[in-house]
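J.: Mind looking at a prediction? Sequence and model below.
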Amino acid sequence: MRLSELLFCDRICIQCHDNPDADAIASGYGVYCFLKAAGKDVRLFYGGRNAVSKPNLVAMLRLLHIPLEHLPDLKSCEGLLLTVDCQYGAGNVSRVEAPHLAVIDHHIQEKELPPLSELKPMLGSCSTLAWSMLCRENFAIPSALNTALYYGLFTDTNSFAEVCHPLDRDMWDSLTVDERILKKLKGSNLSLDDLNLAAEALNTRDYHEDDRVMVVGAPPCDPNILGFISDLAMQVESVDIALVFSNLESGYKFSVRTDTRNARAVEIVGDIIAGGLGSGGGHADKAGGFIAKNTYQVRHGDTPFMQFCKSSVQRQLAAYDIIDCASFGGFAPDGFAAYEKLPVRLGYIPCRDVVPDRTKLSIRMLEGDIDISASDSTYLMIGISGEVYPIEEKKFLDTYTPSDEPFFLNTAYPPVIIDKQAGERIHLLQVAKSCSSCQKSEVMAKQLTQGIKIFTKWDRDNYFKGEPGDWLIVRKDDPTDAYVIKETLFPLLYARVHSVPLYQDVDIRQWPHCRSARKKGLPLSVRFADKPGVMRTLEGEVAYVRGDALASGVQNECWPISAAYFAQNYVPTPGTQPGQDGQYYKKPHIVDVARMTEAFSVTTANGSQLCGETGDWLVQYEQGHYGIVRNEIFAESYDLL
């Protein structure tokens, strides 16, 4: 939904949830400013028995001149009712009848949503969602709204500790705030009662000396108090990890702090909320989350939440072996096998082309931010899922074949780098060029059965985490240089080094047992890819791009066909329109084929490597363009000439 879609009504009421917090107020005010500028009759209000009384919220309304009304007796309104930071019909918002409904929210869906709705649970605040919607409308954000949105994100993410999406970080970077007002709001956050509450909570702490972990249960309180208590706990010399939670009426809100390089706060939170138990996010040293009480009780019954938290932290610490590549002598060969890099197209950017030497950069991607110091010899690589990692120039040139062709990638969040000194943002996909792995580049690899956290030679302060099923990669020429590849990515990037022949750019017409064959006029079921992906064929993994044809044959075998080749060689059956999913015939076409007498592999035109068994058929559509067909499928699909 776009904000401009709300302009069909002249009278619009924007409703925050009862007992509104800073995020509800800020996001509601953002939509209010847009609709007011469009000339609409608009009101911003909240219901419930209690009026806003917290000192920071009272100051926010007064200093930023936000026209929020308390209307506890409102039962209906004319025109459009828009709930912000809440969902119509949910338990935290008073019910108001209206002829038209809309929802803007960042929480997990609780109720059936009206057609006009925008729900983004992955965002840390509704302020971020409102900001992104304002940006889509090219709306000039007023100064007071800048500060309000910033403060909304600040409070809803525990002083930015729980920022969990790059859009949150983008808004955080882009807003220009009134520092005087912001300082006043931050200084109005604690009362004397809050201070007494923090002291009471710390006196009921549970400390574990072996793991240097402190868990604290606090009475019901504002989420920011949890961060305050966590920060106090981290001042203790013998505490490396602090977890503070509050037992609220609706659920458990918790805050995590860490001061050890072997455990990230955001990963401890991730382990606590795993399996959809709750929501949360954050950074390496600060994070937090929330678990609804009814969801917790279904999963864990009467288990005290403090016991659950202690067990979760201990499980996270015990689940991973720590490997520091800079301080050990290399990996033993047990369990490793030889693999070679496939010629997959990746992206690369020499840092010297975009920033000066020794620039401190923040790499922003969907997985989070990584800080590096980039020299003139630093290259940035972009992987097939949008991940970004640095590499030294010599290693890059030894491992990859660069080209001047642009690198294209369809990803949920295009990665950027931020010059931390100049504040400039560079969108990497706008400057990246393509490269491919050198096929002769061999590594040793083994699949993990135990989680690891590995500190590479490149970065002594940040580890790469590998889960069971992921792959540990060690460079053949340097057994101390290791890294981790995710289980889903490994078969797309590496192939086992076998003793079977590998055919690449061979002309099988020169082989004495080569035959000619024509594909039978059998219809194929075809759908067209709407995004890039990888298809698991009988002969191996084959990548495809948006627009390619994904075909299935006589025995439900599947394979991708490039869009250009498909358009030249296939026609639709009656009733199917060209370019639409449906049934297609291949035009009469003679190909060269050879039945293989031993296991083999072949490199296709797009760089994928396929494997065939004894008795399979190698099909050459034209030199450099190959396929492998199982013998039983070949008999049903081709006529030998």
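T.: The structure has been received and is ready for your questions.
J.: Quick check: what element follows the lowest-mean-pLDDT helix or strand in the chain along the chain?
T.: Scoring the helices and strands of the chain by mean pLDDT, DSSP states H and E places strand 279-282 at the bottom, with a mean of 71. Using DSSP states H and E, the next helix or strand after strand 279-282 towards the C-terminus is strand 286-292.
J.: In terms of secondary structure, what does that following strand contact?
T.: helix 223-233, strand 251-258, helix 265-272, strand 279-282 (3 or more C-beta pairs under 8 Å, 6 or more residues apart in numbering; DSSP states H and E). C-beta here means a position set from N, CA and C on the backbone, and glycine is covered the same way.
J.: and the third one, what does it pack onto?
T.: The elements that helix 265-272 packs onto, with contact taken as 3+ C-beta pairs under 8 Å, 6+ apart, are strand 241-247, strand 251-258, strand 279-282, strand 286-292, helix 305-318.
J.: Tabulate the helices and strands packed on strand 286-292 in TSV, adding columns for mean neighbour count and distance to residue 490.
T.: Below are the helices and strands packed on strand 286-292 laid out as TSV (neighbours: other C-beta atoms under 10 Å; distance: least, C-beta to C-beta, whole Å):
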stretch	mean neighbour count	distance to residue 490
helix 223-233	23	37
strand 251-258	26	29
helix 265-272	23	21
strand 279-282	24	27
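J.: closest to residue 591 out of those?
T.: Across the helices and strands packed on strand 286-292, residue 591 has its closest neighbour in helix 265-272 (50.5 Å, C-beta to C-beta).
J.: so how far is that closest one off the chain centroid?
T.: Centroid displacement of helix 265-272 relative to its chain, using C-alpha atoms, centre = their mean, to the nearest Å, is 15 Å.
J.: Alpha carbons only: can I get that helix in CSV?
T.: In CSV, the C-alpha atoms belonging to helix 265-272 read as follows (Å, rounded to 0.1, in the frame of the first residue of the first chain):
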residue,chain,number,x,y,z
ALA,A,265,24.1,-10.3,21.6
VAL,A,266,21.9,-10.5,18.5
GLU,A,267,22.7,-14.3,18.1
ILE,A,268,21.7,-14.9,21.7
VAL,A,269,18.4,-13.2,21.0
GLY,A,270,18.0,-15.2,17.9
ASP,A,271,18.5,-18.4,19.8
ILE,A,272,15.9,-17.4,22.4
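J.: Now that helix: average pLDDT?
T.: Average pLDDT, helix 265-272: 87.
J.: what's stretch 461-468 in contact with?
T.: 261-262, 267, 284, 320, 322, 370, 448-456, 472, 483-484, 487 (C-beta atoms under 8 Å, 6 or more residues apart in numbering).
J.: Show me just the buried residues among those.
T.: 261, 267, 284, 320, 370, 448, 451-456, 472, 483-484 (16 or more other C-beta atoms under 10 Å).
J.: for the residues you listed, which one is nearest residue 39?
T.: Nearest member of the buried ones among the contacts of stretch 461-468 to residue 39, counting by C-beta to C-beta, is residue 370, at 45.4 Å.
J.: For residue 237, grab the count of nearby residues.
T.: 6 (other C-beta atoms under 10 Å).
J.: Now do residue 19 against residue 470, distance only.
T.: From residue 19 across to residue 470, the span is 44 Å (C-beta to C-beta, to the nearest Å).
J.: higher neighbour count, these two?
T.: residue 470 (20 against 17).
J.: which ones are touching that one?
T.: Contacts of residue 470 (C-beta under 8 Å, 6+ apart): 447-448, 484-487, 490.
J.: Stretch 73-87: end-to-end distance?
T.: Taking C-alpha to C-alpha, to the nearest Å as the measure, stretch 73-87 stretches 19 Å from start to finish.
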